[in-house]
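K.L.:
quick one, structure for this:
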Amino acid sequence: AGGVVHSFDDSLELANKFTDLGLYIGINGCSLKTESNINTARDIPLDRLLLETDCPWCDIRASHASFKHVKTKFATKSEKKYESDCYVKGRYEPTHIIQVAEVIAGIKGISVNEVANVGTSNAHKLFGKMEK
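P.N.:
Residues are numbered from 1 along each chain as shown. A predicted model of the protein is given here:
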């Protein structure tokens, strides 16, 4: 049994109720808009977090409180035509997961590698070992 509470943006108390049930808490850009969101995400145990992008939505914007922790930037354009190494502005893609990991690392005071490793382990525990 198990599951994930997708795109969580509520209180720590509610997150704790979900994790007490054995659920993981999914965190993406929509989960990291405000200082209150950041404080909640910081206090959720790392072994209960799953990183999400919720593509094409829920990007981390410059107006979000979490933006100060984003290190990796991506070239964007407004035209929705494929171009190598360039993304459509306002459309989150799976590769943007690094930004969610950077925010979690920044607010928890740990490395991005630790966040990525634990996040991968959590996904494997919930969904099973995934093949490359």
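K.L.:
report all helices and strands that the host helix or strand of Gln99 contacts.
P.N.:
Element membership for Gln99, per DSSP states H and E: helix 97-108. Contact here means 3 or more C-beta pairs under 8 Å, 6 or more residues apart in numbering; DSSP states H and E; on that basis helix 97-108 packs against helix 35-43, strand 49-51, helix 112-127. Any C-beta I mention is one placed from the backbone N, CA and C, and that applies to glycine too.
K.L.:
and His69, what does it touch?
P.N.:
His69 makes contact with Glu102, Val103, Ala105, Gly106, Ile107, according to C-beta atoms under 8 Å, 6 or more residues apart in numbering.
K.L.:
how about a cut-off of 10 Å?
P.N.:
Leu32, Ile38, Ile60, Gln99, Val100, Ala101, Glu102, Val103, Ile104, Ala105, Gly106, Ile107 (C-beta atoms under 10 Å, 6 or more residues apart in numbering).
K.L.:
for it, give me the pLDDT.
P.N.:
On pLDDT, His69 comes in at 98.
K.L.:
equivalent analysis for Ala1, please.
P.N.:
The model reports Ala1 with a pLDDT of 59.
K.L.:
surely Ala41 and Ala105 touch.
P.N.:
No. Under the criterion of C-beta atoms under 10 Å, Ala41 makes no contact with Ala105, lying 11.3 Å away.
K.L.:
circling back: name the stretch among the helices and strands packed on helix 97-108 that sits most buried.
P.N.:
Sort those by mean neighbour count, taking mean count of other C-beta atoms under 10 Å, and strand 49-51 sits at the top with a mean of 23.
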